[in-house]
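Participant: For reference, the sequence and a predicted model appear below.
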Amino acid sequence: MSRLPNVEEVIAWAREAGHLLMQGLGRAHDIRYKGLTDPVTEMDRASEALLIQRIRAAFPEHTIITEESGTLGKGDDTCWYIDPLDGTVNYAHGLPIFAVSVAFVHEGVPQVGVVYDPSRDECFYAMRGAGAFLNGRPIHPSETTELIRSLLVTGFPYDMSGREPDNLDLYAHFARRSQGVRRLGSAALDLCYVAAGRLDGYWEMGVAPWDIAAAMVIAEEAGVVVTRLTGEPNPLVLPCNLLAANPGLYPHLLAEVRTVLGTDTMSAISASGDDGRGARAAKPTA
Ligand code: IPD
Ligand code: CA
Ligand code: CA
């Protein structure tokens, strides 16, 4: 493997992309659709072009797996996952809950992750083995272990038609048994907020690796338990889904998920299953 990326350089790229996004916030956008429902604006593409240029200049030999341009490079086991704008629907509505997400992944394990929220000037970052930080301060998950006292977050795929499971059963279940279930619209921020103790737990099905790779290393370094929704390791393996919570709450959430989904659904969303993401996103090769 060539040199490891320096987290400071990745932070600089994410900040640059975030500042670019801020220039377009609240303006009219050229919105196109990938498939029927998955929107992309000209700012997603501009942010992605900037990040690709910066990574290529520093690491010309690395594969880059992007949301909008697919896989660039050979698809080997040292690669970058970039989501140039996580929270496109919020952004397109002028709602300032979105982030830039950049991850460096080696052999399927995220090593460096940066999630930058330009609206709040909040930069979450981590290098594996070196802790997780928000604007230079170490972050840690909450200590809430009782489900009824927990504030949870989830997300839903763009196209829910005909999708089984569609997450509505889990949403209803946890909404009745917790302090609340938020739907913020940015998977990267959802997971970083669990890392920082602002939220106690997060689950989602039908995400893509670029949504969560950077926040995954941030959450794990902060001390969050991050697994597939089934409790298995490797949330980045397709079909991509995850369950994350502070270590005290995690076993309770997993037990509830098992009860609600049942064995057939749990095996359908395991690493070898199929969650019916269909044409929702290009399937990365890594
Ligand atoms: C979406 C957001 C959302 C999640 C969706 C993602 P995008 O990413 O992260 O919170 O629920 O599954 O696709 O399209 O805004 O980059
Ligand atoms: Ca995303
Ligand atoms: Ca995106």
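Facilitator: Everything's here; your move. Ligands and ions are numbered 1, 2, ... in the order given.
Participant: contacts, neighbours, all on C-alpha from now
Facilitator: OK.
Participant: Can you list the residue ranges for strands in the stretch 51-200 of the chain?
Facilitator: Secondary structure of the stretch 51-200 of the chain (DSSP state E, counting those that start in this stretch): strands at 63-66, 70-72, 78-86, 99-106, 109-117, 122-127, 132-134, 137-138, 151-154, 180-182.
Participant: Number of residues surrounding the nearest residue to residue 113 once chain neighbours are set aside?
Facilitator: Of all residues beyond its chain neighbours, the one nearest residue 113 is residue 214 (3.8 Å), with distances taken as C-alpha to C-alpha, 6 or more residues apart in numbering. For residue 214, the tally of surrounding residues (other C-alpha atoms under 10 Å) stands at 33.
Participant: Need the phi and psi values for residue 214.
Facilitator: According to degrees, to the nearest 10, the main-chain angles of residue 214 amount to phi -70, psi -50.
Participant: Report the contact partners of it.
Facilitator: Going by C-alpha atoms under 8 Å, 6 or more residues apart in numbering, residue 214 touches 81, 101, 102, 103, 104, 110, 112, 113, 114, 115, 125, 188.
Participant: Make a markdown table from these and add neighbour count to it.
Facilitator: As requested, those are arranged in a markdown table below (neighbours: other C-alpha atoms under 10 Å):
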| residue | neighbour count |
| --- | --- |
| 81 | 27 |
| 101 | 32 |
| 102 | 30 |
| 103 | 34 |
| 104 | 27 |
| 110 | 26 |
| 112 | 28 |
| 113 | 31 |
| 114 | 36 |
| 115 | 33 |
| 125 | 33 |
| 188 | 30 |
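Participant: can you put the residues you listed in JSON lines and add distance to ligand 2 and pLDDT?
Facilitator: Converted to JSON lines, the contacts of residue 214 look like this (distance: C-alpha to the ion, whole Å; pLDDT from 0 to 100):
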{"residue": "81", "distance to ligand 2": "11", "pLDDT": "97"}
{"residue": "101", "distance to ligand 2": "8", "pLDDT": "98"}
{"residue": "102", "distance to ligand 2": "11", "pLDDT": "98"}
{"residue": "103", "distance to ligand 2": "13", "pLDDT": "98"}
{"residue": "104", "distance to ligand 2": "16", "pLDDT": "98"}
{"residue": "110", "distance to ligand 2": "16", "pLDDT": "97"}
{"residue": "112", "distance to ligand 2": "18", "pLDDT": "98"}
{"residue": "113", "distance to ligand 2": "14", "pLDDT": "98"}
{"residue": "114", "distance to ligand 2": "14", "pLDDT": "98"}
{"residue": "115", "distance to ligand 2": "11", "pLDDT": "99"}
{"residue": "125", "distance to ligand 2": "17", "pLDDT": "98"}
{"residue": "188", "distance to ligand 2": "7", "pLDDT": "98"}
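Participant: right, and out of these, which lies closest to ligand 3?
Facilitator: Set against ligand 3, the nearest of those by C-alpha to the ion is residue 101 (8.7 Å).
Participant: before we move on, back to that, make CSV from the contacts of residue 214 and add distance to ligand 1 to it.
Facilitator: Written out in CSV, the entries for the contacts of residue 214 read as follows (distance: C-alpha to the nearest ligand atom, whole Å):
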residue, distance to ligand 1
81, 12
101, 9
102, 12
103, 14
104, 18
110, 18
112, 19
113, 16
114, 15
115, 12
125, 17
188, 6
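Participant: Reformat those into CSV and put distance to residue 13 next to each item.
Facilitator: Listed next are those as CSV, based on distance: C-alpha to C-alpha, whole Å:
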residue, distance to residue 13
81, 13
101, 10
102, 9
103, 12
104, 13
110, 18
112, 13
113, 12
114, 9
115, 11
125, 13
188, 17
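Participant: In terms of distance to residue 231, which of those ranks first?
Facilitator: residue 110 (18.4 Å; C-alpha to C-alpha).
Participant: what's near enough to touch the most centrally placed residue in the chain?
Facilitator: Computing the C-alpha centroid of the chain and ranking residues by C-alpha atoms, centre = their mean puts residue 212 first, at 2.4 Å. If a contact means C-alpha under 8 Å, 6+ apart, then residue 212 has 187, 188, 191, 236 as its contacts.
Participant: one step back: just tell me which of the strands of the stretch 51-200 of the chain ends up closest to residue 269.
Facilitator: strand 151-154 (16.3 Å).
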